[in-house]
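Participant: Take this sequence and fold it.
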Amino acid sequence: MRAAVVGGGVAGAALAWRLRTAGVDVTVYAPDAADASGASGGLVRGFEVDAEAAGQAAESLAELRSDERVRDWAGYRETGSVYVTAEGVTPSVDAVEAALPGSASVVDGAELARRFGFRDLPADAAGVVERHAGHFSPARFRERALRWLAGSGGDVRAERVAEVRAGAAVRTEGGVAAFDAVVVAAGAWTPRLVGGEPLRAKQIQYGLYRLPIPCAASFVDDRTGLYGRPDRDGAFLLGMGCDRWDVDPDAVTPDHDLAGRVLDAARRRFGVADGAAGPERVVASFDCYRSPAGLRLVDVGGGVFTFTGGSGGAAKTVLAASRRAAAELVAS
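Facilitator: All right, here's what the predicted structure looks like:
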């Protein structure tokens, strides 16, 4: 089988690695371009409000922690994680427990305040605390995976793909190449290359803030949308959801109003009065979304597939999702 993977981000690199491991003749088109993998904060945990997503995230995290090579490729750092929500958590916590026994526990608002410094929480707030969680570098993972691929009989090309044709063909400036299957894993560029799917590009953004936040773990607060993780030298990487849809991935600019709202939310949620008046740095990028969300292989016909369209957090599920996608592609 000869397969092409269009896109060398964390999703495309992971899928190509899985396919080559399965004996597939793989060509990856990985042009050097700013993308979501290069900008991602790489938060990984098992818990998600949706139990199916939690199962896939926990499965990915279990592999990341247990496989020494993958852990090194990813540069994994285990800080723990806390997820603040008011939703029912039992099915999702059970899914985490199945993959990572003893990792997750449920605490109330008083415990969230005492252990992690959260303030002004609603009365029905609950927190899912995970010991086995943290962050990794999607950019480092994809660089190591593509390097392995190039040294293991795969073909890694820096050409930008101009067109993906039905019949599993790829056109670049160098001409047209035919394959048995083409998988488009090009993130926000995917809608330009394939049709037939409700895929949309959306801006993602975070900043590096000098705030004395008392939480030593990665966190998500689904009431405010605030998320973050510790960074170097006491700084915190912080972000919130951005409402800029259908952006041009070649022309994304920072949303400075959003950066200010992140600062305000962090100060309120953690009772922080001190610290810098704004972020040291703002990183604005983009990702590809579908509804319902989820990183999975989708057959769009004519030997062409997509592997994209998560919820902006492909790092959490990419290991499990790429294993399943590779198995489905080989079986097809």
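Participant: got any ranges where the stretch 151-300 of the chain has weak pLDDT?
Facilitator: Segments of the stretch 151-300 of the chain classed as low confidence (criterion: pLDDT under 70) are 196.
Participant: If we use 80, what do you get?
Facilitator: 195-197, 275-276, 291-292 (pLDDT under 80).
Participant: mind listing the strands for it?
Facilitator: 155-157, 163-165, 169-172, 175-178, 181-184, 199-209, 218-221, 226-230, 236-239, 281-290, 296-301 (DSSP state E, counting those that start in this stretch).
Participant: Can I get those strands in JSON lines including mean neighbour count and distance to V107?
Facilitator: All C-beta atoms are positioned from the backbone trio N, CA, C, and that covers glycine. Written out in JSON lines, the entries for the strands of the stretch 151-300 of the chain read as follows (neighbours: other Cβ atoms under 10 Å; distance: least, Cβ to Cβ, whole Å):
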{"stretch": "strand 155-157", "mean neighbour count": "17", "distance to V107": "45"}
{"stretch": "strand 163-165", "mean neighbour count": "18", "distance to V107": "48"}
{"stretch": "strand 169-172", "mean neighbour count": "18", "distance to V107": "50"}
{"stretch": "strand 175-178", "mean neighbour count": "12", "distance to V107": "54"}
{"stretch": "strand 181-184", "mean neighbour count": "28", "distance to V107": "41"}
{"stretch": "strand 199-209", "mean neighbour count": "22", "distance to V107": "25"}
{"stretch": "strand 218-221", "mean neighbour count": "26", "distance to V107": "13"}
{"stretch": "strand 226-230", "mean neighbour count": "23", "distance to V107": "18"}
{"stretch": "strand 236-239", "mean neighbour count": "23", "distance to V107": "21"}
{"stretch": "strand 281-290", "mean neighbour count": "21", "distance to V107": "31"}
{"stretch": "strand 296-301", "mean neighbour count": "16", "distance to V107": "32"}
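Participant: so which of those strands gets nearest V44?
Facilitator: Each of the strands of the stretch 151-300 of the chain was scored for nearness to V44 using Cβ to Cβ, and the closest is strand 218-221 (8.3 Å).
Participant: quick one on the thing from earlier: what's the closest of the strands of the stretch 151-300 of the chain to A139?
Facilitator: Between A139 and the strands of the stretch 151-300 of the chain, the tightest spacing by Cβ to Cβ is seen for strand 281-290, at 11.3 Å.
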